[in-house]
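> sequence first, then the predicted structure, then my questions.
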Amino acid sequence: MALIHQIFQRTGITPDEFWGKPDGARKFMLASMMLQIESEEKQMKEAGKSGR
């Protein structure tokens with residue numbers, strides 16, 4: 001459910017809109033958000049290492 005929250009916060013797509021989409025579209029949205037969050041976490045870790 002946390003990924004759906006991120007999708008809503010970042011894109012404005014409400015949960016009912018998300019669940020109303022075809023299965024393939026939902027899977028893509030979840031995977032895309034996971035990649036985005038992983039990328040942001042990696043950038044934060046790298047910034048923390050260079051800031052020491």
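Sure, I can see it.
> in terms of helices and strands, where is Glu38?
helix 23-50 (DSSP states H and E).
> name the helices or strands packed onto that helix?
helix 2-11, helix 15-20 (3 or more Cβ pairs under 8 Å, 6 or more residues apart in numbering; DSSP states H and E). Where you see a C-beta, it was placed from the backbone N, CA and C, and this is true even at glycine.
> out of these, deepest packed?
Highest mean neighbour count of the helices and strands packed on helix 23-50: helix 2-11, a mean of 13 (counted as mean count of other Cβ atoms under 10 Å).
> just the C-alphas of that one, formatted as CSV.
Below are the C-alpha coordinates for helix 2-11, written out as CSV (Å, rounded to 0.1, in the frame of the first residue of the first chain):
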residue,chain,number,x,y,z
ALA,A,2,3.0,2.3,0.6
LEU,A,3,3.7,2.4,-3.2
ILE,A,4,0.2,3.5,-3.9
HIS,A,5,0.6,6.2,-1.4
GLN,A,6,3.7,7.4,-3.2
ILE,A,7,2.0,7.3,-6.5
PHE,A,8,-0.8,9.5,-5.1
GLN,A,9,1.5,11.9,-3.4
ARG,A,10,3.8,12.3,-6.4
THR,A,11,1.3,12.2,-9.3
